[in-house]
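Undergrad: I would like the atomic coordinates for the input below:
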Amino acid sequence: MKELSTGRLRLVSHDRHGMPGNRSSHAPVWSPDGKYLSFMSSASNLVASDTNQFGDLFIWNEKTGGLALVSRTPRGELGNGNSGADQQVNHPPVWSPDSTRIAFLSAASNFASGDNNDSDDLFVKNLRTGLLQLVDSGRERTFKEGVLGFGWDPIGARISFTAGNPAPKEFEVFVKNLRTGSLQLVSTSGGGDVANGSSFFSSWSPDGAQLSFSSSASNLIHGVRARASDGTELRHDYIKDLRTGMVVLVGTSSLGTFENCSSLGTTWSPDGRRVAFVSNARNLATKKSEPTWYRVFIRDLRAGTLTLVSGRRNVALEDRGFFELPAWSPDGSRLLFAAGGGASPLNLFVSEVGSSKVTTVSTNKRGAAGNGFSREGSWSPDGTRVLFSSDASNLVAGTAGHEEIFVKVVGRYRS
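TA: Numbering: from 1, shown residues only. Okay, the predicted model is just below:
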């Protein structure tokens, strides 16, 4: 755990004797009530009962320091496959709003009867009862290609997720009602036409009425380019109103011009008035002479204005297979994002919304930035701390060069 105000760094992924995990840990997430941290780990020495030689889901009690392996059946059997996020694309576990359930991906086939698709499936674990629920199945259809991303609605009744089938091998965005079992296809045009390209990375608006997603489809909004002049496939971010079916494009300039390159996903501000998104378009708020890096933008949905947040920092490293979405602080005053450039280390930064001030988060007690891959940043529920994973060797002495879990105190925002 890293405390920015004091420079103290506390390691979360360790055994009961304080020894760091013997393999990588990643995908850290706070529970909404602020009492727990969840993360994935392939380490076998964190708890004595971890004997399955696969990646597992762990929950750490911040108050007691206790660590529990929770990716197991109601009878206590460990998974017979990896449970965890894809380490190249960020799909961490997601807590229900009331902190009583957690959704996660797993390739284990012994978590649900009839699970024989040999792909990652989406499960919900009830932390009170121990019960597991398979999400990506139902009366309507079964998905053979597995799940890529997911998220809870604000009241914990529905989950959005991306899933696909071999023929055609397109991924689509769905909403599953956990109470009724009904499944709704979301990646469609305002007229109901199914997207003719793959769709990913859904994100709920704070009121649960809208869902944003990214898609390579050409038929969602007329006039949006699906391919660049050289034939390269483009992806764009959309917002779907679940009540009316209306679809709007996120990547438009303040003058209403559609973006001329790709966007990779959005996150909503806590008040629902703005969205942050990642784009490499050169006609939004950057000069044409600048590199075609991906940057973080904020779009004000009411005013229609667009603001560049990340400056001259590359937030999606295609050559290293990396990208993740920015994270809003709980009060909406700051954005957390990971960025690097070329062969440079990847570090975490906090940008103050409405200001040009950007602060590096992944630093050691001397203020030196991490010399490795620091990523998967998320905020504590009170907005005073940042949780992240890093394989940097200069943050805490004794780490072995694989990913560990850290928390850093950034304090409250002061305007």
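
Undergrad: Quick check: phi and psi on the nearest residue to residue 191 once chain neighbours are set aside?
TA: Nearest non-adjacent residue to residue 191, counting by C-beta to C-beta, 6 or more residues apart in numbering: residue 245, 7.9 Å away. In this view, the C-beta of every residue, glycine as well, is placed from N, C-alpha and C. The phi/psi pair for residue 245 (degrees, to the nearest 10) reads phi 90, psi 0.

Undergrad: Surely residue 245 is in contact with residue 192?
TA: Yes. Using C-beta atoms under 8 Å, residue 245 is in contact with residue 192, at 6.9 Å.

Undergrad: which residues do the two both contact?
TA: Common neighbours of residue 245 and residue 192, using C-beta atoms under 8 Å, 6 or more residues apart in numbering, do not exist here.

Undergrad: So those two - more neighbours on which side?
TA: residue 245 (13 against 8; other C-beta atoms under 10 Å).

Undergrad: distance of the more buried one from residue 263?
TA: Per C-beta to C-beta, to the nearest Å, residue 245 is found 21 Å from residue 263.

Undergrad: again with residue 82
TA: 30 Å.

Undergrad: These two - which one has more neighbours?
TA: Remark: of residue 82 and residue 263, residue 263 carries more neighbours, 25 against 19, as counted by other C-beta under 10 Å.

Undergrad: partner residues bridging the more buried one?
TA: Taking DSSP bridges, one obtains residue 279 as the residues bridged to residue 263.

Undergrad: Would you confirm that residue 158 contacts residue 175?
TA: Yes. Taking C-beta under 8 Å as the definition, residue 158 is a contact partner of residue 175 at 5.3 Å.

Undergrad: Tell me where the model's unsure across the stretch 301-415 of the chain.
TA: Filtered on pLDDT under 70, the stretch 301-415 of the chain yields the residue ranges 312, 315-323, 341-343, 398-401, 413-415.

Undergrad: Now with 90, please.
TA: Applying pLDDT under 90 to the stretch 301-415 of the chain flags the ranges 303-325, 338-347, 351, 354-359, 361, 363-376, 384-385, 387, 389-415.

Undergrad: CA atoms of stretch 12-27 as PDB?
TA: Provided in PDB are the C-alpha atoms of stretch 12-27 (Å, rounded to 0.1, in the frame of the first residue of the first chain):
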ATOM      1  CA  VAL A  12      -0.800  -6.100  -0.300                       C
ATOM      2  CA  SER A  13       0.000  -9.300  -2.200                       C
ATOM      3  CA  HIS A  14       2.000 -11.100   0.400                       C
ATOM      4  CA  ASP A  15       1.600 -14.200   2.600                       C
ATOM      5  CA  ARG A  16       0.900 -14.200   6.300                       C
ATOM      6  CA  HIS A  17       4.600 -13.800   7.100                       C
ATOM      7  CA  GLY A  18       4.900 -10.700   4.900                       C
ATOM      8  CA  MET A  19       6.700 -12.500   2.000                       C
ATOM      9  CA  PRO A  20       5.700 -11.200  -1.500                       C
ATOM     10  CA  GLY A  21       3.800 -13.400  -3.800                       C
ATOM     11  CA  ASN A  22       6.000 -15.900  -5.800                       C
ATOM     12  CA  ARG A  23       4.200 -15.000  -9.000                       C
ATOM     13  CA  SER A  24       2.300 -12.100 -10.500                       C
ATOM     14  CA  SER A  25      -0.700 -10.400  -8.900                       C
ATOM     15  CA  HIS A  26      -2.800  -7.900 -10.900                       C
ATOM     16  CA  ALA A  27      -6.300  -6.400 -11.500                       C
END
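
Undergrad: if I look at the nearest residue to residue 177 once chain neighbours are set aside, how far off is residue 243?
TA: In space, and not counting its chain neighbours, residue 177 is closest to residue 158: 5.3 Å by C-beta to C-beta, 6+ apart. Separation of residue 158 from residue 243 (C-beta to C-beta): 14 Å.

Undergrad: Which of the two has more residues huddled nearby?
TA: A direct count of neighbours by other C-beta under 10 Å for residue 158 and residue 243 places residue 158 higher, at 21 against 8.

Undergrad: list the contacts for that one?
TA: By C-beta under 8 Å, 6+ apart, the residues touching residue 158 are 152, 175-178, 208.

Undergrad: hmm, back to that, who touches both of residue 158 and residue 175?
TA: Among the neighbours of residue 158, none is also in contact with residue 175 (C-beta under 8 Å, 6+ apart).

Undergrad: Can you tell me how far the residue nearest to residue 191 is from residue 283?
TA: 28 Å.

Undergrad: what do you get for residue 35?
TA: In this view, residue 35 and residue 283 are 45 Å apart by C-beta to C-beta.

Undergrad: One more: residue 154?
TA: For residue 154, the distance to residue 283 - C-beta to C-beta - is 34 Å.

Undergrad: Can you give me the buried ones in stretch 71-89?
TA: For stretch 71-89, the neighbour count (16 or more other C-beta atoms under 10 Å) marks 71-73, 78-79, 81-85, 87 as buried.

Undergrad: Which members of those are the farthest-apart pair?
TA: 73 and 87 (24.6 Å; C-beta to C-beta).

Undergrad: quick one: pLDDT of residue 216?
TA: As predicted, residue 216 sits at a pLDDT of 91.

Undergrad: Is residue 27 within a helix or a strand, and which one?
TA: Using DSSP states H and E, residue 27 sits in strand 25-30.

Undergrad: Note down every partner strand of that strand and its orientation.
TA: Partner strands for strand 25-30, per DSSP bridges, with pairing direction: strand 36-41 (antiparallel).

Undergrad: Quick check: mean pLDDT of the strand it pairs with?
TA: For strand 36-41, the mean per-residue pLDDT is 90.

Undergrad: Go ahead and measure how far it is from the middle of the chain.
TA: Strand 36-41 sits 14 Å away from the centroid of its parent chain (C-alpha atoms, centre = their mean, to the nearest Å).

Undergrad: which is the next helix or strand following it?
TA: That would be, after strand 36-41 and using DSSP H and E, strand 56-61.

Undergrad: by how many degrees do that following strand and strand 36-41 diverge?
TA: Angle, strand 56-61 to strand 36-41, by axes from the mean of the first three to the mean of the last three C-alpha atoms, to 10 degrees: 150 degrees.

Undergrad: in its sheet, what does the following helix or strand past strand 56-61 sit against?
TA: With elements assigned by DSSP H and E, the helix or strand that comes after strand 56-61 is strand 67-69. Looking at strand 67-69 with DSSP bridges, its partner strands are strand 56-61 (antiparallel).
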